[in-house]
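model the structure of this input:
(2 chains)
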Amino acid sequence: GAVVSQHPSWVICKSGTSVKIECRSLDFQATTMFWYRQFPKQSLMLMATSNEGSKATYEQGVEKDKFLINHASLTLSTLTVTSAHPEDSSFYICSALRASAGNEQFFGPGTRLTVL
Amino acid sequence: DAKTTQPNSMESNEEEPVHLPCNHSTISGTDYIHWYRQLPSQGPEYVIHGLTSNVNNRMASLAIAEDRKSSTLILHRATLRDAAVYYCILRPENSGYALNFGKGTSLLVTP
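The predicted model follows:
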């Protein structure tokens, strides 16, 4: 199947700092990528839809000024958590739509963010 | 999105078959039934999907009720590596929208 990578796989930062997470589709181009977050013992919650060359669409309740999304190329989307706080600690997962595979969604391995 | 209902958890012995049920009574005619699973601390991975006919692949089988209001994911011989949360999700063909995850079924496999 198609491969989607995320970097870093885990990160620990101090409260108030910003953290950037990268999501790459390694063997296909993706005009659309998605960002989810998952708190312990809970399901994945969609945060935003990232479209190449345009502004991201955020789900209700997700602050666009706090979670900055940039999809500057067909293989890379980035999520920047600005001024991170302990409540932002979570597992962040990206996915990419592969148009040639009937818009099947391929997921990255996730990034564990811990804010101290 | 049409809603799916799954048991919160199930338990199986290793090397035995596992039948994971999913109810989707409000499914529409264009909805495909997708199954994904998420191993601990990993992103979800695709398992199988189908529309009306039963489907088989190397990972599992999918049995779809004739009225399409329910389906069952079948793992023919559970292994310890199959311990995961299994999600049943409805999705129209070629949908450009994100998958909407419910709570899924947490499968415990015991030796």
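
make it CA atoms for all contacts and neighbour counts henceforth
Will do.

how about the contacts made by the closest residue to chain A within chain B?
Nearest residue of chain B to chain A: B:G43, at 4.4 Å (C-alpha to the nearest C-alpha). By C-alpha atoms under 8 Å, 6 or more residues apart in numbering or on different chains, the contact set of B:G43 is A:93, A:107-110.

among these, which one lies nearest to A:L76?
A:G108 (12.0 Å; C-alpha to C-alpha).

contact partners for that closest one?
Residues in contact with A:G108 (C-alpha under 8 Å, 6+ apart) are A:3-6, A:23, A:93-95, B:43-44.

among those, which are in strands?
A:4-6, A:23, A:93-95 (DSSP state E).

show me what from chain B comes close to chain A.
B:41-46, B:93-96, B:98-104 (C-alpha under 8 Å from any C-alpha of the partner chain).

please pick the buried ones from these.
Neighbour-count burial (16 or more other C-alpha atoms under 10 Å in any protein chain shown) is assigned, among the residues of chain B next to chain A, to B:42-46, B:96, B:98-104.

now do the SS call for the residue in chain A that chain B sits nearest to.
Closest contact between chain A and chain B, by C-alpha to the nearest C-alpha, is at A:P109 (4.4 Å). Here A:P109 takes the coil state, with states given by DSSP: H, G, I helix; E, B strand; the rest coil.

off-centre distance for stretch B:89-97?
How far stretch B:89-97 lies from its chain's middle: 15 Å, per C-alpha atoms, centre = their mean, to the nearest Å.

let me see the mean pLDDT of that stretch.
Averaging pLDDT along stretch B:89-97 gives 87.

how about stretch A:41-54?
93.

is chain B contacted by that stretch?
Yes. Applying C-alpha under 8 Å from any C-alpha, one finds stretch A:41-54 touching chain B at A:42-46, A:49.

mind checking which of those residues are buried?
Buried members of those, scored by 16+ other C-alpha under 10 Å, are A:43-46, A:49.

among those, which ones are in helices?
Assigned to helices by DSSP state H, none of these qualify.
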